[in-house]
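Asker: With the input below, show me the fold.
(chains A and B)
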2 protein chains.
Amino acid sequence: MKSVGIVSSQTLHVSTPLNMVCGSVLPEYDIAYETYGSLDAEKSNAILICHALSGHQHVAGFHEGNKNPGWWDDYIGPGKVIDTNQFFVVCSNNLGGCHGSSGPASTNPETGKVYGPDFPIVTCKDWVNSQNELRQHLGIDAWSAIIGGSMGGMQVMQWAIDFPDKIKHAIVIASAPKLSAQNIAFNEVARRAIMTDPEFHDGRFIEAGTTPKRGLALARMLGHLTYLSDDLMGTKFGRELREGKLNYNFEVEFQVESYLRYQGEKFATKQNFDANTYLLMTKALDYFDPASEFDDDLTKALSSATAKFLVIAFTTDWRFSPERSHEIVKALLDNDADVSYAEIESSHGHDAFLLPNEHYEEVFRTYLSQVVQKDLTAKGEQDV
Amino acid sequence: MKSVGIVSSQTLHVSTPLNMVCGSVLPEYDIAYETYGSLDAEKSNAILICHALSGHQHVAGFHEGNKNPGWWDDYIGPGKVIDTNQFFVVCSNNLGGCHGSSGPASTNPETGKVYGPDFPIVTCKDWVNSQNELRQHLGIDAWSAIIGGSMGGMQVMQWAIDFPDKIKHAIVIASAPKLSAQNIAFNEVARRAIMTDPEFHDGRFIEAGTTPKRGLALARMLGHLTYLSDDLMGTKFGRELREGKLNYNFEVEFQVESYLRYQGEKFATKQNFDANTYLLMTKALDYFDPASEFDDDLTKALSSATAKFLVIAFTTDWRFSPERSHEIVKALLDNDADVSYAEIESSHGHDAFLLPNEHYEEVFRTYLSQVVQKDLTAKGEQDV
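Answerer: Okay, the predicted model is just below:
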């Protein structure tokens, strides 16, 4: 299938101050984003993609001179599941990110210095508010659909709760209504790895001319460990030895060690992910808990939502297991919401939401084709 | 129930060189151990306890002036499950450890310097061989039983394979016949945390007058994460906040963070666990795979075993799940071995093997009472 081709990021500078959940006010900020496909005359075919922990706005196509496609290129393009012949697809880098949106690695316009640890703590609600500025900028009245996996799914739920009339379809994939204690614990170990790295310099590592790459690599290794299922790791690596024999030393011996070290180092050096962004993103995950404002009642939290929902979970995902999706589905059903749920057989653990999978694609495609048809019908009815 | 009271460790100096699996020869070494109860005249009532990753020989009773009991005091003592009125209980610190047995923190008698990273890589087989020296020293012909949880259970299996006539009963608790790729991956992240700590100094941190305590604390946090079940963490901590409210900063906010940081710091500073020992122990876990010498056939590997087995697993243990114990049981049954298996309901994850639990204790006690009776019957038969 065809790709959306060569794409480039754009930046929206927002001058409306953002009142953040943490109490800070961000007087102005940038939102980096990409779009694929064309907005129709009625501005009714827009889809917002929300990214996960280490994601960014480059979700499909290729950047000039770079042969790596966007992170969800398998699913977005002409004739693909999220069909850019039909939809105008938008993806923005979350506020606090390190791919063009204002974040800890950006210059604070008030001081002329890098924000570093002074960038305010962001939450899911702040992201949705800033994405809403982008929506207005693009002249979209309501998103035809908002789609996100993992942390992206949390933003979808937040949109449905906070801006019910701005989202028609909510597609929540491999997500959870809040982190479990174990989820928080994994995040905390990752944060400690970064923050106890002597190169962290209390978050002012850019000013110090360094990066806490050891800590960041550890955080990423740990992340990867939780994205893959035990089964898949067994199938993919088992106890296979890198050099075919045991060496009895602390060099890489098992293939799984090699894979994890590579992932960690790539993230910390080649991709040069900002360590403060990693901290912020994990914190936003920890904080996400829409029910907390509604007596810990998720049903009440979701009672304002009017979007139709598609919730998808994967059988071997132990980071956000199907049980976590059941919680979302149950709360929606308690509200008599229109909700479809699919539990997809996959050996790929949490990573499955990013990977090709026939059943997943079919469910996804069928749902989106109804989105188009319903919208066309709705338009037709209006015409009559 | 009564405790075994005040106890102290003893040290056996072994002058017989140890030919290690890694190819090194250890010309002489110390084994630190403790004993509780009395060896009977026939020297037939001895039980060996094998410790896990961060364990040591102080398994029951109290050291003079220290109010913390041994790590399995709940289970060992007069009238307790492992009844010191009936059994002579022995526990030794594994070779490579840091509680009195020769290890990386000991002085190399050949150089007069601390071993540090020069201490040879130890394996489960090496432990069993060195424990066999202790057996001979104590004048025990055969252990009435060898008991171990987690890494301890691996030593029990190794004993049953390597010295079938020296072990009558093998009690393997919350263990596995080899690590999975995911298990190895967790160990690798822990090792990277230690080895990338700038205070590690290529393992020569003692000579450098420091310790890689940041890395060690991270390794321990990660360990704890895998010892507890997701459910238990939920029940124990949930999303409870330490100060009752969110602070929107990177200080400890959730109780689970507080718990993990405390565990990590205690291990790395107060308990002053040797980082090189931690590395060695995780490597020995990775290497354990008795089937590898038998065409990857666990049944063949265990075919030499003549001991009677009790295998115990815990329902919420995701580090070494019941499925891993099933592999052991199946291989034993394929050999027509005498094996009992109990799967104990517990919410405590891998930690369950150390904690009070009525069903677990009952299974354990019943089995050991049969050990005593069978031994008495055997003696009676011989007398006739």
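
Asker: Get me the contact residues on the stretch 251-384 of chain A for chain B.
Answerer: Counting by C-beta under 8 Å from any C-beta of the partner chain, the residues of the stretch 251-384 of chain A close to chain B are A:Glu253, A:Phe254, A:Val256, A:Glu257, A:Leu260, A:Arg261, A:Gly264, A:Leu279, A:Lys283, A:Asp286, A:Tyr287, A:Asp289. Bear in mind the C-beta positions are built from the backbone N, C-alpha and C, glycine included.

Asker: The third one: how many residues sit nearby?
Answerer: Applying other C-beta atoms under 10 Å in any protein chain shown, we find 29 other residues in the vicinity of A:Val256.

Asker: didn't it look like it was pressed against B:Phe186?
Answerer: No. Applying C-beta atoms under 8 Å, one finds A:Val256 not in contact with B:Phe186, separated by 10.1 Å.

Asker: before we move on, back to that, need the residues of the stretch 251-384 of chain A next to chain B in TSV with distance to A:Phe273, secondary structure and pLDDT, can you?
Answerer: What follows is those, written out as TSV (distance: C-beta to C-beta, whole Å; DSSP: H, G, I helix; E, B strand; the rest coil; pLDDT from 0 to 100):
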residue	distance to A:Phe273	secondary structure	pLDDT
A:Glu253	27	coil	92
A:Phe254	26	strand	94
A:Val256	22	helix	94
A:Glu257	21	helix	94
A:Leu260	16	helix	94
A:Arg261	16	helix	94
A:Gly264	11	helix	95
A:Leu279	11	helix	98
A:Lys283	15	helix	97
A:Asp286	19	helix	96
A:Tyr287	20	helix	97
A:Asp289	26	coil	97
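
Asker: Look up the closest residue to A:Lys2, ignoring the ones flanking it.
Answerer: Nearest residue to A:Lys2, sequence neighbours excluded (C-beta to C-beta, 6 or more residues apart in numbering or on different chains): A:Pro78, at 4.7 Å.

Asker: neighbours of that neighbour, just the number please.
Answerer: A:Pro78: 15 neighbours (other C-beta under 10 Å).

Asker: Hmm, A:Thr84 and it touching each other?
Answerer: Yes. Judged on C-beta under 8 Å, A:Pro78 makes contact with A:Thr84 at a distance of 5.4 Å.

Asker: For the stretch 201-350 of chain A, just list every one of the helices.
Answerer: Assigned by DSSP state H, counting those that start in this stretch, the helices in the stretch 201-350 of chain A fall at A:213-227, A:230-236, A:255-265, A:275-287, A:298-301, A:322-334.

Asker: so what does the longest one touch, helix or strand wise?
Answerer: Looking back up the chat, that one is helix A:213-227. Contacts defined by 3 or more C-beta pairs under 8 Å, 6 or more residues apart in numbering or on different chains; DSSP states H and E place helix A:213-227 against helix A:181-195, helix A:255-265, helix A:275-287, helix B:181-195.

Asker: ok, now the second one?
Answerer: Counting contacts by 3+ C-beta pairs under 8 Å, 6+ apart, the secondary-structure elements packed against helix A:230-236 are helix A:255-265, helix B:181-195.

Asker: let's go with 6 Å and repeat that
Answerer: helix B:181-195 (3 or more C-beta pairs under 6 Å, 6 or more residues apart in numbering or on different chains; DSSP states H and E).

Asker: I'd like the average pLDDT over the helix it packs on.
Answerer: Per-residue pLDDT values over helix B:181-195 give a mean of 96.

Asker: ok, and what's touching that helix?
Answerer: Outside helix B:181-195, the residues that touch it by C-beta atoms under 6 Å, 6 or more residues apart in numbering or on different chains are A:218, A:221-222, A:225, A:230, A:233-234, A:237-238, A:254, A:256-257, A:260, B:212, B:215-216, B:218-219, B:222, B:226, B:275, B:279, B:282, B:286.

Asker: can you check stretch A:96-111 too?
Answerer: The contact list for stretch A:96-111, computed with C-beta under 6 Å, 6+ apart, reads A:9, A:11, A:29-32, A:56, A:93, A:95, A:114-116, A:119, A:122, A:274, A:276-277, A:280.

Asker: Buried only: go through those residues for me.
Answerer: By neighbour count, with 16 or more other C-beta atoms under 10 Å in any protein chain shown, the contacts of stretch A:96-111 hold A:9, A:29-32, A:56, A:93, A:95, A:114-116, A:119, A:122, A:274, A:276-277, A:280 as buried.

Asker: all helices of the stretch 1-150 of chain A, in order?
Answerer: For the stretch 1-150 of chain A, the helices defined by DSSP H, counting those that start in this stretch cover A:124-138.

Asker: pLDDT weak spots in it?
Answerer: Residue ranges of the stretch 1-150 of chain A with pLDDT under 70: A:1.

Asker: quick check: domain ranges of chain A?
Answerer: Here the domain assignment for chain A is A:6-178+A:293-383, A:184-282, based on automatic domain parsing.

Asker: and the residue nearest to A:His13 when sequence neighbours are not counted, what does it touch?
Answerer: Spatial nearest neighbour of A:His13, chain neighbours left out: A:Asp30 (5.4 Å); criterion: C-beta to C-beta, 6+ apart. Contacts for A:Asp30 (C-beta under 6 Å, 6+ apart) come out as A:Thr11, A:His13, A:Ser101, A:Ser102.

Asker: Can you name the two of the residues you listed that sit furthest apart?
Answerer: Greatest spatial distance in the contacts of A:Asp30: A:His13 and A:Ser101, 10.7 Å, computed using C-beta to C-beta.

Asker: Give me the more crowded residue out of those two.
Answerer: Neighbour comparison, A:His13 and A:Ser101: the larger count goes to A:Ser101, with 25 against 10 (by other C-beta under 10 Å).

Asker: now the more buried one, nearest residue through space, not along the chain?
Answerer: In space, and not counting its chain neighbours, A:Ser101 is closest to A:Asn93: 4.0 Å by C-beta to C-beta, 6+ apart.

Asker: ok, that neighbour - contacts?
Answerer: Contact analysis of A:Asn93 by C-beta under 6 Å, 6+ apart lists A:Ala32, A:His56, A:Gln57, A:His99, A:Gly100, A:Ser101.

Asker: The residue nearest to A:Lys2 touches A:Asn85, doesn't it?
Answerer: Yes. Counting by C-beta atoms under 6 Å, A:Pro78 touches A:Asn85, with 5.0 Å between them.

Asker: For A:Asn247, which of the helices and strands packed on helix A:213-227 is the nearest?
Answerer: Proximity to A:Asn247 (C-beta to C-beta) singles out helix A:255-265 among the helices and strands packed on helix A:213-227, at 11.7 Å.
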